[in-house]
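> Have a look at this prediction, sequence included:
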Number of protein chains: 2
Amino acid sequence: MTPESTHARLADQLCFALYAASKAVAGAYRPRLKALGLTYPQYLVMLVLWQSDGLTVAELGAMLGLDSGTLSPLLKRLDASGLVRRERTDRDERVVRVYLTPKGAGLEEHAASVRREVESGAGLTDDGFAQLRLTLHELTATVNGCVPG
Amino acid sequence: MTPESTHARLADQLCFALYAASKAVAGAYRPRLKALGLTYPQYLVMLVLWQSDGLTVAELGAMLGLDSGTLSPLLKRLDASGLVRRERTDRDERVVRVYLTPKGAGLEEHAASVRREVESGAGLTDDGFAQLRLTLHELTATVNGCVPG
DNA sequence: GTGCAGTTGATTGTGTACAACCAAGTTGTG
DNA sequence: CACAACTTGGTTGTACACAATCAACTGCAC
């Protein structure tokens, strides 16, 4: 009944702290994004496109760390929702570029307000926010550098 | 081509920093856990059970933030792998308690070495590690407190 | 006892994720 | 031209993750 202290506790694990925090933030976005007709990963893809429209599937994947097995059906759904348009390149018929439709571009404002809402609910100072973001980026880079090989 | 600075950049978003870091850490665990016959979420479930065996499905779900739609098939697979045994309670036939098998309990040592390997590859000082963990737990609690209502 | 509210885990449907594989298209070499 | 090596996005299969729903069971009021 009493947890034995010889075992690693779940709360001590960085992997679980990351897993839980990521899930919590996604959970905060989800109901708010639902009003926009977006899932959380779809929102991340739209974030990239609002920043730089017309990327290829491979470029999107590199920025998000996702492969075509995830992106292909996701982009197909964004296309079906009328937020995005996929176009084969003339120069290279294999390459698909993804463009925002006016409807997709028009969601940016609403999404920005969702973001502000969630981030203000996080209860972090500007400094704490920036510090955490930096730490996470460094951790991501270090850990990713340890695996791929 | 040039990203316009009027748009929120992906790298500035805490939600993406969390998403990427969580995925990176999971990606570091995955190949190492594969040798144990575990997926990453299965490893998290086993972490809980190594800490306190014989929990109900609801108790497991509360600790991990997962519902039965995720846990039921996951536990069924752990059961099929012979790492876990599910038992209906006598007192209440609805309640299922999850117990480690000897095989499941025996994985703890190997899993602990995997954990040490990944955490040492994260390149964090003990202080940085503890600080990040604390920040993430606080963030999780704050954000989770904002949504459920 | 009878019946209803509440609890518990399972199931279904949709949408990620990732590994493995595949077909179409491109490029370099001869 | 021929043709192997490579690149690109799509498909398939397995495994989460969550919302919605369900059936079985319990416990309480009556």
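Thanks, I have it.

> In chain A, what residue comes closest to DNA strand C?
With Cβ to the nearest atom of the strand as the measure, the residue in chain A that lies nearest DNA strand C is A:Gly69; the distance is 2.5 Å. Placement of C-beta: from N, CA and C, glycine included.

> give me phi/psi at that residue?
Its backbone dihedrals place A:Gly69 at phi -60, psi -30, with angles given as degrees, to the nearest 10.

> Tell me who's in contact with it.
Listed by Cβ atoms under 8 Å, 6 or more residues apart in numbering or on different chains, A:Gly69 has no contact partners.

> Quick one: check stretch A:11-22 for contact with DNA strand C.
No. Shown here: stretch A:11-22 not in contact with DNA strand C (Cβ under 7 Å from any atom of the strand), separated by at least 8.8 Å.

> does chain B sit close to that stretch?
Yes. Shown here: stretch A:11-22 in contact with chain B (Cβ under 8 Å from any Cβ of the partner chain) through A:Ala11, A:Asp12, A:Gln13, A:Leu14, A:Cys15, A:Phe16, A:Ala17, A:Leu18, A:Tyr19, A:Ala20, A:Ala21, A:Ser22.

> Top of the residues you listed by number of neighbours, please.
A:Ala21 (27 neighbours; other Cβ atoms under 10 Å in any protein chain shown).

> ok so that one is a helix residue?
Yes. If the criterion is DSSP: H, G, I helix; E, B strand; the rest coil, then A:Ala21 is within a helix.

> Confirm for me that it is in contact with B:Leu134.
No. At 11.4 Å, A:Ala21 and B:Leu134 do not qualify as touching, with contact defined as Cβ atoms under 8 Å.

> Point out where chain A drops to low pLDDT.
Low-confidence segments of chain A, defined by pLDDT under 70, are located at A:1-5, A:147-149.

> mind running it again at 50?
Per-residue confidence of chain A (counting by pLDDT under 50) places the weak regions at A:1-3, A:149.

> Would you map the strands across it?
Counting by DSSP state E, chain A forms strands over residues A:55-56, A:84-88, A:96-100, given from the N-terminal end onward.

> can you give me the helices for chain A?
For chain A, helices defined by DSSP state H occupy the ranges A:14-34, A:40-51, A:57-64, A:68-80, A:102-106, A:108-120, A:126-146.

> any chance of those in JSON lines, with distance to DNA strand D too?
Output for the helices of chain A, formatted as JSON lines (distance: least, Cβ to the nearest atom of the strand, whole Å):
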{"stretch": "helix A:14-34", "distance to DNA strand D": "5"}
{"stretch": "helix A:40-51", "distance to DNA strand D": "9"}
{"stretch": "helix A:57-64", "distance to DNA strand D": "3"}
{"stretch": "helix A:68-80", "distance to DNA strand D": "3"}
{"stretch": "helix A:102-106", "distance to DNA strand D": "17"}
{"stretch": "helix A:108-120", "distance to DNA strand D": "15"}
{"stretch": "helix A:126-146", "distance to DNA strand D": "17"}
